[in-house]
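A.B. asks: here's my sequence, what's the structure:
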Amino acid sequence: QVHLVESGGGLVRPGGSLRLSCEISGATSDTRVIGWVRQAPGGGREGVACIQISDGSTYYPPSVKGRFTTSTDNAKNTVYLDLNNLKPEDTAKYYCAIAHAYEYDYWGPGTQVAVSS
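C.D. replies: Numbering: from 1, shown residues only. Model (predicted):
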């Protein structure tokens, strides 16, 4: 059974930084993508970062490119999302997720990020 748990969320001022962690257990070798998705209050889900396992390539949407960076530590079975130069519109619950095909099929419970002065 795949299990994901995020941590590292919190309250930060605009321009500040956070590092989110996602500890993964039970992942199998057919994992295709590990990603980060956020959902703001009253809003829809938005993918903010992903890593393609086959070649390590990453993808970021324009809204976060240059500010967010995702990375993995295979020895710790952990994926990170570094959030820099945070803006109030980055306020959301952040989830890590795994895809074996073309949709995320395992999700963590999420960690809350709030950006406010």
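A.B. asks: quick one, grab the pLDDT at Lys76.
C.D. replies: If you check Lys76, the pLDDT there is 89.
A.B. asks: and the closest residue to it other than its chain neighbours, what does it touch?
C.D. replies: The shortest distance from Lys76 to any non-neighbouring residue, by CB to CB, 6 or more residues apart in numbering, is to Glu23 (7.5 Å). (C-beta placed from N, C-alpha, C; glycine too.) By CB atoms under 8 Å, 6 or more residues apart in numbering, the contact set of Glu23 is Leu4, Val5, Ser7, Lys76, Asn77, Thr78.
A.B. asks: buried sites along the helix or strand that contains Glu23?
C.D. replies: Here Glu23 sits within strand 18-25, counting by DSSP states H and E. Buried residues in strand 18-25, counted by 16 or more other CB atoms under 10 Å: Leu18, Leu20, Ser21, Cys22, Glu23, Ile24.
A.B. asks: residues contacting the residue nearest to Cys50 when sequence neighbours are not counted?
C.D. replies: Leaving aside its chain neighbours, Cys50 sits nearest to Gly35 (3.5 Å; criterion: CB to CB, 6+ apart). Listed by CB under 8 Å, 6+ apart, the contact partners of Gly35 are Gly47, Ala49, Cys50, Ile51, Thr70, Cys96, Ala97, Ile98, Ala99, Tyr104.
A.B. asks: what phi and what psi does the backbone show at the residue nearest the centre of the chain?
C.D. replies: Centroid-nearest residue in the chain: Trp36, 2.7 Å away (criterion: CA atoms, centre = their mean). With angles defined as degrees, to the nearest 10, Trp36 sits at phi -120, psi 130.
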